[in-house]
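Peer 1: pasting a predicted model and its sequence here:
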Amino acid sequence: MTNILLTFPEGKHKVLTMSYDDGRTADKRLVRLFNKHGIIGTFHLNSGLAGRNDRIPLEEVGEVYRAHEVSAHTVTHPTLARCGKEQIVGEIMEDRKALESVTGYPVRGFSYPNGSFNLQLKEMLPYLGIEYARTVASHGDFRMPDDFMEWNPTCHHNQNLLELAETFKQLNRRHNLYMMYVWGHSYEFDQDHNWKLIEHFCESIGNRGDIWYATNMEIVDYMKRYQQLRFSASMNFVYNPSYGSIWIEVDGTTIEAKGGRQTKIRLADDAMVRPHTDFDKICSKQ
């Protein structure tokens, strides 16, 4: 039987994503560092605090984070598990509206302010347009999340960052997918006088051909597109109804399933793989 495995873009099996909160001016230096080394991050912002106490003004957000993802973090950074439903709705929706007005795209990600969440909050988030939410509960390994609404990172940048990076670079068992997810606050590098830490990390792990560098939202979107693939019962071909490509490994060979198209997975009898001439049209109507 054909063995079909999901891979990341271009057949890669490792992804690095960075996640930084609060939108302080130190983000500018961090963004420049990421850009230099081909690393992509997600920045979770409080729109109601923008421009105050060393935070980046709202009108600068679109330009500062242009190559990265802007994500919601509530308007005023309250401890949400202690808030009423009406306040939660306002904090998240108003934050989204303000951030979307300066980024020009739907803000669909979130990180829990003060790391505070509960089951009620997790269940509310999809109805508020949120598709993932990051916690502060680091687990120290490279697993993919089971629950994107309780997305636990690999580590805070002060938790064995360089040692974990070396381990991550050496991972080469292609039957697994690996993710290194680093979180923190850029102002901590000023407070702790350890900008060299993140500089060494970026120099070590950036611009590598075997790693996919992605925002939080790009990872979520990619995994969702994979779930939308429509495989034939024979596993000889697959139809991808989404807009973007998905890469799969078929018996050790990497295949790109392009968006909006049917892709042959393996050679077989012509009668088994010859599709209806209007296959794409039929599938698009389903």
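Peer 2: On my side now, so go ahead.

Peer 1: quick one, helices of the chain?
Peer 2: All helices of the chain, identified by DSSP state H, fall at 26-36, 61-64, 85-103, 119-124, 161-170, 187-192, 195-205, 216-227, 270-273, 279-284.

Peer 1: for this protein, which residue occupies the most central location?
Peer 2: Centrality entry for the chain: nearest residue to the mean C-alpha point is Asn216, 1.7 Å, by C-alpha atoms, centre = their mean.

Peer 1: so what pLDDT did the nearest residue to that one once chain neighbours are set aside get?
Peer 2: With sequence-adjacent residues excluded and distances taken as C-beta to C-beta, 6 or more residues apart in numbering, Asn216 is closest to Thr42, at 4.2 Å. For every residue, glycine as well, the C-beta is placed using N, CA and C. We have a pLDDT of 98 for Thr42.

Peer 1: need the contact list for Met180.
Peer 2: Contacts for Met180 (C-beta atoms under 8 Å, 6 or more residues apart in numbering) come out as 14-17, 142, 154, 164-165, 168, 205.

Peer 1: could I get the residues you listed in JSON lines, plus columns for neighbour count?
Peer 2: Listed next are the contacts of Met180 as JSON lines, based on neighbours: other C-beta atoms under 10 Å:
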{"residue": "Lys14", "neighbour count": "20"}
{"residue": "Val15", "neighbour count": "21"}
{"residue": "Leu16", "neighbour count": "25"}
{"residue": "Thr17", "neighbour count": "26"}
{"residue": "Phe142", "neighbour count": "19"}
{"residue": "Thr154", "neighbour count": "24"}
{"residue": "Leu164", "neighbour count": "20"}
{"residue": "Ala165", "neighbour count": "20"}
{"residue": "Phe168", "neighbour count": "19"}
{"residue": "Ile205", "neighbour count": "23"}
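
Peer 1: what about Thr103, how many residues nearby?
Peer 2: Residues contacting Thr103 under the criterion other C-beta atoms under 10 Å number 17.

Peer 1: out of the helices of the chain, which is closest to Gly259?
Peer 2: helix 216-227 (7.9 Å; C-beta to C-beta).

Peer 1: just list what that closest one packs against, helices and strands only.
Peer 2: strand 14-21, strand 69-72, strand 109-111, strand 132-134, strand 246-250 (3 or more C-beta pairs under 8 Å, 6 or more residues apart in numbering; DSSP states H and E).

Peer 1: give me the below-cutoff pLDDT ranges for this protein.
Peer 2: Counting by pLDDT under 70, the chain contains low-confidence residues at 267-286.

Peer 1: tell me how it divides into domains.
Peer 2: 13-222, 229-284 (automatic domain parsing).

Peer 1: of these, flag the one that's most buried.
Peer 2: domain 13-222 (a mean of 18; mean count of other C-beta atoms under 10 Å).

Peer 1: check the offset of that domain from the chain's centre.
Peer 2: Offset of domain 13-222 from its chain centre (C-alpha atoms, centre = their mean, to the nearest Å): 8 Å.

Peer 1: okay, the helices and strands packed on helix 216-227 in JSON lines with distance to Asn3 next?
Peer 2: Below are these laid out as JSON lines (distance: least, C-beta to C-beta, whole Å):
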{"stretch": "strand 14-21", "distance to Asn3": "20"}
{"stretch": "strand 69-72", "distance to Asn3": "33"}
{"stretch": "strand 109-111", "distance to Asn3": "33"}
{"stretch": "strand 132-134", "distance to Asn3": "29"}
{"stretch": "strand 246-250", "distance to Asn3": "7"}
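
Peer 1: ok, which of those strands comes nearest Tyr187?
Peer 2: Nearest to Tyr187, of the helices and strands packed on helix 216-227 and by C-beta to C-beta, is strand 14-21 at 9.5 Å.

Peer 1: kindly export that closest one (C-alpha atoms) in CSV.
Peer 2: Provided in CSV are the C-alpha atoms of strand 14-21 (Å, rounded to 0.1, in the frame of the first residue of the first chain):
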residue,chain,number,x,y,z
LYS,A,14,11.3,21.1,10.1
VAL,A,15,9.7,24.5,10.8
LEU,A,16,10.9,27.4,12.9
THR,A,17,8.5,30.0,14.2
MET,A,18,9.0,32.9,16.6
SER,A,19,6.4,34.6,18.8
TYR,A,20,6.9,37.9,20.6
ASP,A,21,4.4,39.9,22.7
